[in-house]
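**Q** Build me a model:
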Amino acid sequence: MTTLVAVHGDITAQTTDAIVNAANNAMRGGGGVDGAIHRAGGPEILRACIERFPDGLGTGDAGWTTGGRLPAKWVVHTVGPNHGAGQRDRALLESSYRRSLQVADEVGARSIAFPLISAGVYAWPRREAISAAIDTIAATPTSVEEVRLVAYDATAHQEISSALVMATSVRILQGARELHRRGYHRLRVKPSVAPSGMYWRVALGDAADPAAGIHYTSGAETEFAGGRVDAMSTPGEVADLILRALPGLRATNDAPAYAAWFAGLVAAVEPQHALPVSSADYFDDTDGWEIGWGSGLRYPHPPE
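**A** Residues are numbered from 1 along each chain as shown. As a prediction, this is how the structure comes out:
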């Protein structure tokens, strides 16, 4: 079981088995996190980079060197996409996290600390950079037991912490989508916000049995349907929780239009963890549901 935590601190001071360096393609040191790691780790890291990466490293790829004088034994170097220079394919950013974990497995690391890749001078929008980090780490099979997302900036740390809490809500939506994929088309989902505006809420029910339903509020944090759902939960695990809570739900495969509509809704939510709201006092739902509180972004009403 892998745990994912947010840490406010200096990436070079982490006592994990490995730390991740947000490197550049040349692999000869640089500014920001890259420069800090080389300065703290000493010339051994640069010598290893020259030896192991004579032709540099491709965007989205990763490789390892010694940690030199750092507390960590290894540095896993990865090159994230430069959003400011036009490299805006999220798949490259996801690859940086995925490949870093694969390299950590290669060297036998059981703990690893990541900076927020590409969110500094490479100018990736921070909210999307955070969701890409959380979702990719959660979806990547690994033997690493502890993953840290380290932010030197207090505001960034708070945003990562908030996104980890919000991930429970996203996983619930993904779990419902997984059930639709399995043919449980009569599962219906109705998201809203509490009257106070402090909490996101969602009701999940069986269209064939309106009396059967389960509810979640973000005020409950990771507690859902008699179990625990967090950033590291898989959609399949959440789907199984929902099925246990709705024992009468059946796989009918009879509402493909609704299943396709809901899949599109979740796809709109995922890039930035912008949760949907079906109705609220603060907006007119004539044009559809809202994606992200107060965003003004609309998604069509569900089909009949």
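
**Q** how much space is there between the closest residue to Arg110 other than its chain neighbours and Asp209?
**A** In this structure, Arg110 finds its nearest non-sequential neighbour in Glu145, 4.9 Å apart by CB to CB, 6 or more residues apart in numbering. Just so you know, the C-beta spots here come from the backbone N, C-alpha and C atoms, and that holds for glycine as well. To Asp209, Glu145 is 41 Å away according to CB to CB, to the nearest Å.

**Q** swap in Phe224?
**A** From Phe224 to Asp209 the distance is 20 Å (CB to CB).

**Q** swap in Val7?
**A** In this view, Val7 and Asp209 are 45 Å apart by CB to CB.

**Q** Between the two ends of stretch 200-218, how far is it?
**A** From its first residue to its last, stretch 200-218 covers 5 Å (CA to CA, to the nearest Å).

**Q** contact partners of it?
**A** For stretch 200-218, contacts defined as CB atoms under 8 Å, 6 or more residues apart in numbering pick out 165-166, 168-169, 172-173, 176, 186-194, 199, 224-225, 242, 245-246, 248-250, 255, 275, 277, 293.

**Q** Write a ChimeraX command that selects only the buried members of these.
**A** Command for ChimeraX that selects the buried part of the contacts of stretch 200-218, burial taken from 16 or more other CB atoms under 10 Å:
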select :166,168,169,172,173,176,186,187,188,189,190,191,192,193,224,225,242,245,246,249,255,275,277
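
**Q** quick one: average pLDDT of stretch 241-260?
**A** Averaged across stretch 241-260, pLDDT comes to 97.

**Q** Would you mind pulling the contact partners of that stretch?
**A** If you take CB under 8 Å, 6+ apart as the criterion, stretch 241-260 is touched by 175-176, 179-188, 204-209, 212-214, 224-227, 229, 302-303.

**Q** Could you measure from the closest residue in space to Ala274 that isn't next to it in sequence over to Gly120?
**A** Spatial nearest neighbour of Ala274, excluding adjacent residues (CB to CB, 6+ apart): Gly292 at 3.3 Å. Distance, Gly292 to Gly120, using CB to CB: 24 Å.

**Q** Same question for Trp74.
**A** To Gly120, Trp74 is 22 Å away according to CB to CB.

**Q** For this protein, give the helix that spans the most residues.
**A** helix 154-181 (DSSP state H).

**Q** Could you tell me which residues within that one count as buried?
**A** 156-157, 159-161, 163-164, 166-180.

**Q** Check which strands are paired with the strand ranked longest in the chain and give the direction for each one.
**A** In the chain, assigned by DSSP state E, the strand with the most residues is strand 209-217. Paired neighbours of strand 209-217 in the sheet (DSSP bridges): strand 200-206 (antiparallel).

**Q** So for the strand it pairs with, what gets flagged as buried?
**A** Within strand 200-206, the residues scored as buried using 16+ other CB under 10 Å are 200-202, 204-206.

**Q** Next, the angle from that strand to helix 154-181.
**A** 10 degrees (axes from the mean of the first three to the mean of the last three CA atoms, to 10 degrees).

**Q** next one: strand 200-206 to chain centre, how far?
**A** Here the centre of strand 200-206 is set off from its chain's centre by 22 Å, with CA atoms, centre = their mean, to the nearest Å.

**Q** Quick check: Ile130 vs Gly248, distance?
**A** Ile130 sits 38 Å away from Gly248, going by CB to CB.

**Q** quick one, what contacts the nearest residue to Asp230 once chain neighbours are set aside?
**A** Residue nearest to Asp230 in three dimensions, not counting chain neighbours: Thr222, with 4.7 Å by CB to CB, 6+ apart. Each residue near Thr222 by CB under 8 Å, 6+ apart is listed here: 168, 228-230.

**Q** before we move on, back to that, pick out whichever of Gly292 and Gly120 has more residues nearby.
**A** Gly120 (20 against 16; other CB atoms under 10 Å).

**Q** So the more buried one versus Gln14, what's the distance?
**A** Note on Gly120: its distance to Gln14, by CB to CB, is 17 Å.

**Q** Also Gly84?
**A** On the measure of CB to CB, Gly84 and Gln14 end up 27 Å apart.

**Q** Repeat that for Glu145.
**A** Relative to Gln14, and taking CB to CB, Glu145 is found at 15 Å.

**Q** do the same with Asp254
**A** 52 Å.

**Q** For the two, indicate the residue with more neighbours.
**A** Taking other CB under 10 Å, Asp254 and Gln14 do not tie; Gln14 has more neighbours (22 against 13).
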